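**Q** just need the structure, nothing else, for what follows:
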Amino acid sequence: MKSPIPRYLNLILDAVRETDGGEVADYIPALAKVDPARLGVAICTTTGRCYQVGDNAPFSLQSISKPFTYALALEESGFEAVSEIVGVEPSGDAFNELSLEADGRPMNPMINAGAIAVNQLINGSGSSVSDRIDKILGFFSALAGRPLTINKEIATSELDTADRNFALAHMLHSFGIVDDDPHDAVVTYVHQCAIEVTVSDLAVMAATLASGGIQPVTGARVIGPEAARIAQSVMTSAGMYDYAGRWMTKVGIPAKSGVSGGLMGTLPGRMGIATFSPKLDSTGTSVRGREAFAYMSRHMDLHLLQGNNYRVPGVRSIHEESDKTVITLQGYVNFTVAEEISSTLLREAPASSRVILDVSRVTGFNAIGRKIVKEQLRRIREEGAQVVLYDPENRITDMDYSDGTRMDEVDTL
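**A** Take a look at the predicted model:
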C-alpha cells in the first residue's frame, strides 16, 4: 500500500506549473544556465516521514543558507555574543542593501551584510578560510543527514561578480563588525551559498529547525532548541526581505528564499517544506515556489497564526463507575492543553472517592504542563478523593506534588 501524500504534492505542482513570470538570476553566470522549467516540492515531518515529487536534482542554497549558519553561530557563541555584531530587526530593504543599526551592526542575519558578519564568527575568530568552510559544510551535512558538497563552478562565478558583497564586507570591517580580512569573509560566505542540496535535503534541513534542532531522520541532535527557535524567529520577520510582511500575512510560514530558486519554510513542531523553481520575482523569490507555498498554506491550513491549528482537547474521556472515575488524557500537554484539562476537571469534578488519571495516550508533557496537571490532581486529593496514576510509558517522570508528597501509581485500569 502506498501513501497518498505524493499524489497530493503532485496536485500542488500541477496547480502552479503554468504560473508565468519572473527570470532566472542571470547576474550570476553559473545560475543563468539553469533550466527555468525545473520544479519540485518536498515535505518532511518532525517525526521523520519525508515525501518528494518533481525535480530533485541538486541546486545551490544561496541565501537559504543564512538561517542555518546563523543557528550554528548561535550554537557556538550564544545569542548575546552574536547580537554584538548583528541585529534581529527586519530591514524592509532588499537582500543586498547596506541596512545598518546606528552602531554599525547589520539589521539582521538574513540580508547579505548580516550573513557576511555572521559567517566570520564560525569556528572562532582565528579560523582559516578552509577550516571555516569545512565547519559549515559539515554542519549542513548533519542537518541534511548525508554528505553535501560545494559547487565550485558556482562559487567561482559568484566571486567573479561579488563586487557589492566585497564592498559590504569592507564597510563592515571599517565599523569593526568584521574582524577578518574582508576578502576572506566574502570567500567563506560565497562558499556557504554554493553548497548544493536537493529539494528533499532542504525539507529535512527545515524539519531539523522545526523540531528544535533534532534531525528527524537520523534522530541526532544537531543544534540546541534555543538556536533553532531564534533562527526561525528571525526568518519570520526578515527571511523574505522587503516581502516579509506580505509573506507572513498571506502565507504565514517562517521562510527563507534563495536566488537559485529554492524556498524553505518551517512549521515548528510539525514539518519542514521546500520547493525549487528557478524563475524569480523582483524580490529574488521563486515565482512558482511562492505560489506553491501559498497554495499549501491555504489548502493545508498551515498559516502559523491560524488558531484552529492548536485546538486539540487534552481530555479524551471521563468515565464514571460505581467506585472510581477514570480520566483519560491525550496528545502533548503544554500550558494551553493543561489549562484546558484543569478547566474540564473543575467543571466536571469527579464524584467518586477514587480517581485514576490515565496518561497512556499522552505523547509528552512540557514542564509547566506537567506542573499544572499534578497540581490539579493534588487539589482533587485535598477534596477527599484518592488519586492514582496509570502511566505505563513513564510520561510523568517527576512524581512529587508541590507539597512534597508523592503520587501513587497503578499497573492496570
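**Q** quick one, strands of this protein?
**A** Taking DSSP state E as the test, the strands found in the chain are 40-45, 50-54, 59-60, 149-150, 195-197, 255-257, 262-267, 271-276, 315-320, 325-333, 354-365, 386-390, 408-409.
**Q** I'd like to know which of the ones you listed has the weakest mean confidence.
**A** Set side by side, the strands of the chain give their lowest mean pLDDT on strand 408-409, at a mean of 84.
**Q** for it, which strands pair with it and how are they oriented?
**A** Sheet pairing of strand 408-409 (DSSP bridges) gives strand 386-390 (parallel).
**Q** buried ones in the partner strand?
**A** Across strand 386-390, burial judged by 16 or more other CB atoms under 10 Å covers 387-390. All C-beta spots, glycine's among them, are computed from the backbone N, C-alpha and C.
**Q** now that strand - C-alpha only, CSV.
**A** Listed next in CSV are the C-alpha coordinates belonging to strand 386-390 (Å, rounded to 0.1, in the frame of the first residue of the first chain):
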residue,chain,number,x,y,z
GLN,A,386,-7.8,9.0,46.4
VAL,A,387,-5.8,10.0,43.3
VAL,A,388,-3.7,7.4,41.4
LEU,A,389,-1.8,7.5,38.1
TYR,A,390,-1.8,5.0,35.2
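**Q** report the distance from the lowest-mean-pLDDT helix or strand in the chain to the chain centre.
**A** For the chain, using mean pLDDT, DSSP states H and E, the weakest element among its helices and strands is helix 335-347, scoring a mean of 81. The chain centroid and the centroid of helix 335-347 are separated by 29 Å under CA atoms, centre = their mean, to the nearest Å.
**Q** likewise stretch 334-346?
**A** Shown here is stretch 334-346, whose average C-alpha point lies 27 Å from the average C-alpha point of the whole chain (CA atoms, centre = their mean).
**Q** same question, stretch 74-87
**A** Relative to its chain's centre, stretch 74-87 lies at 18 Å (CA atoms, centre = their mean).
**Q** and it, average pLDDT?
**A** If you average the per-residue pLDDT over stretch 74-87, you get 95.
**Q** could you give the number of residues near residue 49?
**A** Residues contacting residue 49 under the criterion other CB atoms under 10 Å number 14.
**Q** same check, this time on residue 297
**A** Burial of residue 297, expressed as a neighbour count using other CB under 10 Å, amounts to 21.
**Q** what of residue 354?
**A** The local packing of residue 354 (other CB under 10 Å) involves 15 other residues.
**Q** residue 154 now?
**A** Counted by other CB under 10 Å, the residues lying close to residue 154 total 23.
**Q** could you measure it against residue 60, distance?
**A** Computed as CB to CB, to the nearest Å, the residue 154 to residue 60 distance reads 5 Å.
**Q** got it, and residue 347?
**A** The gap separating residue 347 from residue 60 is 56 Å, by CB to CB.
**Q** ok, these two, which is more surrounded?
**A** Per other CB under 10 Å, whichever of residue 347 and residue 60 has more neighbours is residue 60, with 28 against 7.
**Q** what's near enough to touch the more buried one?
**A** Neighbour list for residue 60: 31, 151, 154, 193-196, 258, 260 [criterion: CB atoms under 8 Å, 6 or more residues apart in numbering].
**Q** pull the most distant pair out of those residues.
**A** Using CB to CB, the contacts of residue 60 reach their maximum pairwise distance at 31 and 195, which is 14.2 Å.
**Q** these two - which one has more neighbours?
**A** When residue 31 and residue 195 are compared for neighbours, residue 195 comes out ahead with 26 against 22, by other CB under 10 Å.
**Q** burial check on the closest residue to residue 74 other than its chain neighbours, number of neighbours?
**A** On the basis of CB to CB, 6 or more residues apart in numbering, the spatially nearest residue to residue 74 that is not a chain neighbour turns out to be residue 227, at 4.0 Å. By the other CB under 10 Å criterion, the neighbourhood of residue 227 contains 23 residues.
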